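K.L.:
Make a model of this:
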Amino acid sequence: MNEKLIRLAERRERLIAQAAAQRSALAQNIEPWRRPLARVDQGLAVLRKIKRHPAWIAGGVALLTALRPGRVRAAGIGKWLTRGWATWQMVQKLRGR
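P.N.:
Residues are numbered from 1 along each chain as shown. The predicted model follows:
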């Protein structure tokens, strides 16, 4: 019985060493992907935030529209903002908020 326990202990030590070597190799292989994956995570966080706050999309569109001088006049911006606000309210009512 003692011999069996010794073999199990030796096998356990080998497995622990093998797992440590695999963790080290994995860390080295993943290192070049660390920065790109962090940016993907940031992008997904932004998308989740926009999904929770859809009014930001309307605000962003209104801002982009306002920053294009010559094509859109001040009265046109007000008209589009009014339409956007009405649309947003309608969507909120349909969603039950």
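K.L.:
Can you give me the distance of the most centrally placed residue in the chain to residue 5?
P.N.:
The geometric centre of the chain, computed from its C-alpha atoms, lies nearest to residue 44 (C-alpha atoms, centre = their mean), at 1.5 Å. Distance, residue 44 to residue 5, using C-beta to C-beta, to the nearest Å: 49 Å. C-beta here means a position set from N, CA and C on the backbone, and glycine is covered the same way.
K.L.:
Could you give the average pLDDT over the biggest helix by length in the chain?
P.N.:
When the chain is parsed with DSSP state H, its longest helix is helix 2-30. Here helix 2-30 scores 95 as its mean pLDDT.
K.L.:
Just checking, which helix or strand succeeds that helix along the chain?
P.N.:
helix 34-52 (DSSP states H and E).
K.L.:
Walk me through the domains of the chain.
P.N.:
Domains of the chain are assigned by automatic domain parsing as 1-52, 53-97.
K.L.:
Just say which of these is most tucked in.
P.N.:
Neighbour counts (mean count of other C-beta atoms under 10 Å) averaged over each of the domains of the chain peak at domain 53-97, with a mean of 11.
K.L.:
Would you pull up how far that domain lies from the middle of the chain?
P.N.:
Distance of domain 53-97 from its chain centroid, counting by C-alpha atoms, centre = their mean, to the nearest Å, is 25 Å.
K.L.:
again with stretch 6-24
P.N.:
Distance of stretch 6-24 from the chain centroid (C-alpha atoms, centre = their mean) equals 37 Å.
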